[in-house]
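[1] just a sequence and a predicted model for now, questions to come.
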Amino acid sequence: MSGRAPSKLLGDDVPRIELYTDGACSGNPGPGGWACVLKHPATGSRKELSGGEAATTNNRMELRAAIEGLRLLKTPTRVDLTSDSKYVLDGLSSWLAGWKKQGWKTASKQPVKNQDLWQVLDELIQMHEVHFHWIKGHSAHPENERCDELAVLEAKKFGK
């Protein structure tokens, strides 16, 4: 899966960042963790960030990983967002516009789950040019594996 956020295209002088995200939950709901890795291809710099919650769901942690990674970007940026979460990527590329048009209701007229996080994520992607990339989880992708490792460690911290 690959796609682009519904934000306007930015100029050539805008920095490019690679953002990798993952979430984990022990039980659903249960203690959870999220993690992201940001890489700046031009400089080779890298930043890892993670956190968690005592009582949450896997989908909320997947959303938080994307939110927290995008929050680190203080200026408009071209972002390659890579995740193993079809929930996050499908939501951003396919469902979000419809939910907003329908007053944050699904096609079956039910309230959108995790609306609070979707609204934050929607606001954040409007600041950037975000390209979405899906990868299969646990497929030996180094950044995805690192995010998974960090997210699981966070979930364990909150599970004690």
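    Sure thing, it's come through. Numbers count the residues shown, from 1 in each chain.
[2] wasn't Tyr20 part of a strand?
    Yes. Using DSSP: H, G, I helix; E, B strand; the rest coil, the assignment for Tyr20 is a strand.
[3] could you dump the longest helix that the chain contains to CSV, C-alpha only?
    Longest helix in the chain, counting residues (DSSP state H): helix 142-158. The C-alpha coordinates for helix 142-158 follow below in CSV (Å, rounded to 0.1, in the frame of the first residue of the first chain):
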residue,chain,number,x,y,z
PRO,A,142,15.1,-3.2,10.6
GLU,A,143,13.2,0.0,11.6
ASN,A,144,9.9,-1.8,12.0
GLU,A,145,11.5,-4.5,14.1
ARG,A,146,13.1,-1.7,16.3
CYS,A,147,9.8,0.0,16.7
ASP,A,148,8.2,-3.3,17.7
GLU,A,149,10.9,-4.0,20.2
LEU,A,150,10.5,-0.5,21.8
ALA,A,151,6.7,-0.7,21.8
VAL,A,152,6.7,-4.2,23.5
LEU,A,153,9.2,-2.9,26.1
GLU,A,154,6.9,0.0,26.9
ALA,A,155,3.9,-2.3,27.2
LYS,A,156,5.8,-4.5,29.6
LYS,A,157,6.7,-1.4,31.7
PHE,A,158,3.0,-0.6,32.0
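[4] show the average pLDDT along that helix.
    Helix 142-158 shows a mean pLDDT of 95.
[5] distance between that helix and the chain's centre?
    14 Å (C-alpha atoms, centre = their mean, to the nearest Å).
[6] what comes up buried for it?
    Judged by neighbour count using 16 or more other C-beta atoms under 10 Å, the buried positions of helix 142-158 are 143-144, 146-148, 150-152, 154-155, 158. Glycine gets a C-beta too; all of them are placed from N, C-alpha and C.
[7] now do it: everything it contacts.
    With contacts defined as C-beta atoms under 8 Å, 6 or more residues apart in numbering, helix 142-158 is touched by 18, 20-26, 30-37, 39, 48, 50-54, 61, 65, 82, 84, 135, 137-138.
[8] ok, how many other residues are close to the residue nearest to Met127 when sequence neighbours are not counted?
    In space, and not counting its chain neighbours, Met127 is closest to Pro76: 5.9 Å by C-beta to C-beta, 6 or more residues apart in numbering. Neighbourhood size, Pro76 [other C-beta atoms under 10 Å]: 16.
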